[in-house]
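**Q** Build the 3D model from these lines:
(chains A and B)
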Amino acid sequence: MEYNFRKIEEEWQRKWKENNVYRVSNGSSKPKYYVLDMFPYPSGAGLHVGHPLGYIASDIFARYKRLKGFNVLHPMGYDAFGLPAEQYAIEHGIHPAVSTDQNINNFHAQLDKIGFCFDWSREVRTSDPGYYKWTQWIFLQLFNSFYNRSAQKAESITRLVKIFEKEGNQAHPVPDAKFELRNPNFEVLNGNFTAAQWKTFDEKTKQDILMEYRLAYCGYGEVNWCEALGTVLANDEVINGASERGGHPVVRKKLRQWYLRITEYADRLLEGLVHIEFSDAMKEMQTNWIGKSYGAEIDFEIAASRAEGAGEKAKLKVYTTRPDTIFGVDFMVVAPEHDLITQITPSAQKKAVEDYIAYVKSRSDRERQAEKKISGCFTGAYAINPFDKREIPIWTSEYVLAGYGTGAIMAVPCGDERDFKFAKHFNIPITNIIGKHYNGEEANPTKDAILENSDFLNGILMRDAIDVAIKKLEELEIGKRKVNYKMRDAAFSRQRYWGEPFPIKWMNGIAYPLPEKDLPLQLPYVEAYKPGPEGEGPLANIPSWTEKKLETNTMPGYAGSSWYFLRYMDPHNEAAFCSREASDYWGQVDLYIGGTEHAVGHLLYSRMWTKALFDLGLIGFDEPYKKLVNQGMIQGVSEKIFLSAVSFQHLKTCKKQNSFKVPIAVDGGYEVDVRDPKEDEPVAAATDILHQSRFKLADFFIDNFGANTVEYRVDISDVENHELDIESFIKSHRGAQFKNAVFLCEGGFWFQGRFHRKNNGSDKFFTEPEVEKMSKSKYNVVNPDDIISKYGADTFRMYEMFLGPVEQSKPWDTKGIEGVHRFLKKLWRLFFDEQKGKVWNEEKATGAELKALHKAIKKIEEDTERFSFNTAVSTFMIAVNELSDLKCHKKEILEPLLILLAPYAPHITEELWHQLGNAGMVIDAAYPKAEEKYLAESSKNYPVAINGRTRAELTIALDATQQQVEEMILANETVKKWLEGKQPKKVIYVKNKMINVVL
RNA sequence: GCCCAGAUGGCGGAAUUGGUAGACGCGCCAGACUCAAAAUCUGGUAUUGGCAACAAUGUGCAGGUUCGAUUCCUGUUCUGGGCACCA
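**A** Presented below is the predicted three-dimensional model:
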């Protein structure tokens, strides 16, 4: 009886489905465990072997937990809204709903083949109106809430209105300090209003004020605007200030946007990190993203003597974490977007400043920070240092971002590297306030210097001076202590079609929520996806939509994914997003597996939503994910060849084609039948010869190959062992253009199917491998379907795990899969022999067999618990090797081994489990227990090191004393040889570890 | 530029708390079975020198701490992920 994985896997997948083996109920006498994978976006390219890595890991853990007696929730669904589907619709005219459906079906079929224990009855799709009804509903909860800072929680906005009616906003100032509160006559209210004033405000004013408090609110923000495409672009669609598609110019433009007031949750998001099991790296990334810092806001007056007109009374507010360096300020830098610039710039500098601002508008935030080139422009205005009254030039530069702090900084070149470089570049004199700590070569950001040249701060340690300076600022009322966050409110709208519509109606410039009974507000069907006028989304083109004054933006991708883990608990509930009963039962996700790319996006948003839902009493916990495991990426191996404008010795070149030149003539010395190729046809290709120094190009009748080579990725299906199958390559769609190309190898070259030998080197055409992202565009995608049809799902699952630690990125190499497949065949042979059939028996196990088993049980359990699945697979291999060596076919040993292996290879174990005569499913068996009595050892083979280097081995009883060990050591031949008759300085004996003799 | 992570044989990786570097698998080499091949099995395989015993070197690079460092510390290079409209 052979291991027929195809039959076994199909059969059990069918039976599992028929018997609802993986359906879970909300309630059980067993303890609960919730295992979740990060929400996949069903892309048109389908699954490649990298995608299921995390799903396999979570599947193993879910099955393991079930064996351990837990009621395990392990659901799967789709994050189905998103830009790619819309882009596909624009290009191919297929409605996103249609293509998304196709993609999901494709994904689903691929996932099914891997044998996951998902409870598919709980599947959700964010684009399903039954799902996004509740995304809209939660949005309305956020819209109708504000963050009560004194209670440190979200509360109903109607409560806030009552407070305003009773006492104004004294106790609840506007969250955004930059917001200018105005009454209906547009008079600035200085931040506060009384109950009496509130009552006099008209509806519009009231609503505008409330909008400043709502957790989901509407405001204005800058986007990448591409006039030519008439649309807003994502950062990764913008390359060097131009659109990726078409290369049209892109500028920053202010558009009306929805936001989530996540900044109000900054402290709780930080504090919450203490209570959840995320990796330190992940916590650090989130902490840095939130970017809490302590410092001061300082007002600098604008020098009247140097300013013209309006600027006179203006003040420049800066935020700094280092107020101790105030006497080292040599210049100020304001963000190019800063409102003050136009006010303070004297006419003489206007042109230069405007030109500079225009330049900056074409640059993304990323470029502005990443650029090594220093740029900036002097505004012509001066600020006055509030302490020593020194006049300080005010510059504008792209490295200061409008969104952070006050959008202006005081620059201290002796203490800050960026400021230093800027000062050097523009020849701004540098004041040294830290004496010998500053060497004039580079800035020194120390806090451990004693201040000099610093007036009242002289002689104080900088660390201590921070507080002294702030106290003085507050005393003189020129500044105040300030906590600042780098994190900004989350932009929550997209000018796109394929997303959740906002349940919002606009009337007289006021946003009104739709009543709950009108949800879901369904996404209307459209034929075209063109952006609307003035940068509005495609929904603005639909008269029936705009007639109803409905919001034309849609929600971003993370709307649906911020709460999906809750919907899985109660996926078919039509009365609530998730019943309190269900969320109380399942609680937090116990294990969440996904990539680090979500570190600061999805994970922070999801945490914020959870906290808001908790505050509003809708769920009973305020962190969504108890433990997070980050899976690494499986990379692809691309295979590259090199193309060049080659120059044969007697060669003419003709028309330039795609920057390659085309060879048309022949080398005189060789009979090469290079007929004149058509102008649009060939290109020359070459190979590893570029990398072989022993190969002399001069031998080859080529002048300057390599001068202009271009890398070209060939499809990995045309490559084996880094050798290109030229024939198959030329037959492929992309390779057709190379049919008249010359393929240089070490021993000669291929041309039109014939090899022309030049020397006795190889005629193999080698490619250059490169490890990079697995992606369609790199022609290096390996499809799991192919692997499974060749080796089966169990082999595939185990090999994915065997490749290396889940957390680590590693390249896929199909070749290695044979080893895992052999292992499963070897396991099978413990039960069945090809000729003899059944070989397993019910004999009593020996001590050696029990030891092999219990060693495995112990290690597998430990490894599974710490997500070290690769070493667990090794342990299975070792166990099966040992049992094979022992010729052990005993049920007593093999049956527990099957249970151990069931999470990893569910199909083969299910089959063998039933072959052993069991009736139920293996997943409902009890996990075996490792018994120490089979593992006990009385002695250990110790390594004996001389000066730390292992020289010998010695078997010593585990209970040996230091003295006994020393005696044994000194009697050892190898040790004697090294001692050369002398006494050792020291003998280090670490029980159960090693022995080290120090000479 | 900023934040985070990683680097170990020909390849993927192991070494869980500072204690035998290279488990397990791939590949490769040799052998058995076979008319032959596949499959399977056995042995070998970090590098250098040596018939061998053995010796020297060796965990990206340069230092440091320690009886002992892949593991801890300082600096540095390269690669990957993220940087707010890809998901």
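
**Q** what about dumping the CA coordinates of stretch A:446-463 to CSV?
**A** Taking Å, rounded to 0.1, in the frame of the first residue of the first chain, the C-alpha atoms of stretch A:446-463 are listed here in CSV:
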residue,chain,number,x,y,z
THR,A,446,24.3,65.5,24.3
LYS,A,447,22.3,66.4,27.4
ASP,A,448,25.3,65.9,29.6
ALA,A,449,27.2,69.2,28.9
ILE,A,450,27.4,72.2,31.2
LEU,A,451,25.9,75.2,29.4
GLU,A,452,28.0,78.2,28.3
ASN,A,453,27.1,81.4,26.5
SER,A,454,23.7,80.9,28.0
ASP,A,455,22.9,83.8,30.3
PHE,A,456,20.9,82.6,33.2
LEU,A,457,21.5,78.9,32.2
ASN,A,458,25.3,79.2,32.4
GLY,A,459,26.9,76.4,34.5
ILE,A,460,23.8,74.2,34.6
LEU,A,461,23.8,70.7,33.2
MET,A,462,21.7,70.6,30.1
ARG,A,463,19.5,67.8,31.4
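
**Q** What mean pLDDT does stretch A:736-743 get?
**A** Across stretch A:736-743, pLDDT averages out at 72.

**Q** Can you list the buried residues in it?
**A** A:738, A:740-743 (16 or more other Cβ atoms under 10 Å). Just so you know, the C-beta spots here come from the backbone N, C-alpha and C atoms, and that holds for glycine as well.

**Q** Secondary structure and distance to residue A:207 for those residues - can I get that in CSV?
**A** Output for the buried residues of stretch A:736-743, formatted as CSV (DSSP: H, G, I helix; E, B strand; the rest coil; distance: Cβ to Cβ, whole Å):
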residue, secondary structure, distance to residue A:207
A:738, helix, 66
A:740, coil, 71
A:741, coil, 68
A:742, strand, 73
A:743, strand, 71
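
**Q** which of those residues lies closest to residue A:968?
**A** Closest approach to residue A:968 among the buried residues of stretch A:736-743 (Cβ to Cβ): residue A:743, at 66.9 Å.

**Q** Quick check: closest non-adjacent residue to the closest one.
**A** In this structure, residue A:743 finds its nearest non-sequential neighbour in residue A:750, 4.1 Å apart by Cβ to Cβ, 6 or more residues apart in numbering.

**Q** What strands line up against the strand or helix carrying that neighbour, and which way round?
**A** In the assignment (DSSP states H and E), residue A:750 maps to strand A:748-751. Strand A:748-751 has the following sheet partners, assigned by DSSP bridges: strand A:742-745 (antiparallel), strand A:754-757 (antiparallel).

**Q** hang on, the earlier thing: now, the most widely separated pair of the buried residues of stretch A:736-743?
**A** That would be A:740 and A:743, which, of these, are the farthest apart (Cβ to Cβ) at 10.8 Å.

**Q** All the helices of the stretch 501-650 of chain A, residue numbers only.
**A** A:543-547, A:558-561, A:564-567, A:580-586, A:602-615 (DSSP state H, counting those that start in this stretch).

**Q** Let's have the ones you listed in a markdown table, adding mean pLDDT and distance to RNA strand B.
**A** Below are the helices of the stretch 501-650 of chain A laid out as a markdown table (pLDDT from 0 to 100; distance: least, Cβ to the nearest atom of the strand, whole Å):
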| stretch | mean pLDDT | distance to RNA strand B |
| --- | --- | --- |
| helix A:543-547 | 93 | 18 |
| helix A:558-561 | 94 | 7 |
| helix A:564-567 | 97 | 11 |
| helix A:580-586 | 97 | 23 |
| helix A:602-615 | 96 | 7 |
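
**Q** Could I get the ones you listed in CSV, plus columns for mean neighbour count?
**A** Formatted as CSV, the helices of the stretch 501-650 of chain A follow (neighbours: other Cβ atoms under 10 Å):
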stretch, mean neighbour count
helix A:543-547, 12
helix A:558-561, 24
helix A:564-567, 23
helix A:580-586, 17
helix A:602-615, 23
